[in-house]
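Engineer: Let's see this in three dimensions:
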Amino acid sequence: MNVLLHPKFEGSDAASLRTTARREGDYYVVNGSKAFISGAGTSKIYVVMVRHDGQAGAKGIFCLLIEDGMEGFSQGKKEQKLGWNTQPTRILTFEDVKVPVTNQIGPDNYGFNIAMAGLNGGRVNIASCSLGAAQQSLDLAIDHVKVRKQFGKHLSDFQWNQFKLAEMATMVHSS
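Structural biologist: Numbers count the residues shown, from 1 in each chain. Modelled structure (predicted):
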């Protein structure tokens, strides 16, 4: 299951989303798109933050479950990224997707609270992964300077490299 709130090209500002849902009888009709969605294409159910037609700000947001395969729901191609490639990322598009009102999570205007809970958890996850990558990079750099030679000496023998590695280690450990 994925939590979707990123509006196209607006980053992590959960209250600025533009994907809308209009009530029509026992359904909501959803229109809009979500960009840079991590895990898109692997989930069967998506938790989508949508905006009531005409309502601005955090109060106009609510939450719907949208299932993969619903008519009008499409997924873009997998994004090519520099890193984080174990997590596929795609743009998702909603064109007149009819979602049963029973797929609403929580009351009207509560979606922002749900979005922030998911977003904050995701930020902790990304920070943890980034710290792990930084530690691994430091470890690889230390291994490299112990093996590589320049001017007949190991790179680890040069004071500038020692200072640089100490600075890197300080940054990693202080994080």
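Engineer: burial count for S74?
Structural biologist: Using other CB atoms under 10 Å, S74 has 14 neighbouring residues. For every residue, glycine as well, the C-beta is placed using N, CA and C.
Engineer: mind checking which helix or strand it is in?
Structural biologist: strand 73-75 (DSSP states H and E).
Engineer: Spatially, what comes nearest to T89 if we skip its sequence neighbours?
Structural biologist: Leaving aside its chain neighbours, T89 sits nearest to E79 (4.3 Å; criterion: CB to CB, 6 or more residues apart in numbering).
Engineer: Tell me how many other residues crowd the one you found.
Structural biologist: When neighbours are counted by other CB under 10 Å, E79 registers 15.
Engineer: Am I right that it sits in a helix?
Structural biologist: No: when the secondary structure is assigned by DSSP: H, G, I helix; E, B strand; the rest coil, E79 falls in coil instead of a helix.
Engineer: for it, what are its contacts?
Structural biologist: Applying CB atoms under 8 Å, 6 or more residues apart in numbering to E79 gives the contacts F36, P88, T89, R90, I91.
Engineer: Closest to R18 out of these?
Structural biologist: Proximity of these to R18, judged by CB to CB, is greatest for I91, which lies at 13.6 Å.
Engineer: Surely the closest one forms part of a strand?
Structural biologist: Yes: with three-state DSSP as the criterion, I91 is located in a strand.
Engineer: what's the pLDDT at E71?
Structural biologist: For E71, the pLDDT comes out at 97.
Engineer: for this structure, what spans make up the helices?
Structural biologist: 111-147, 159-174 (DSSP state H).
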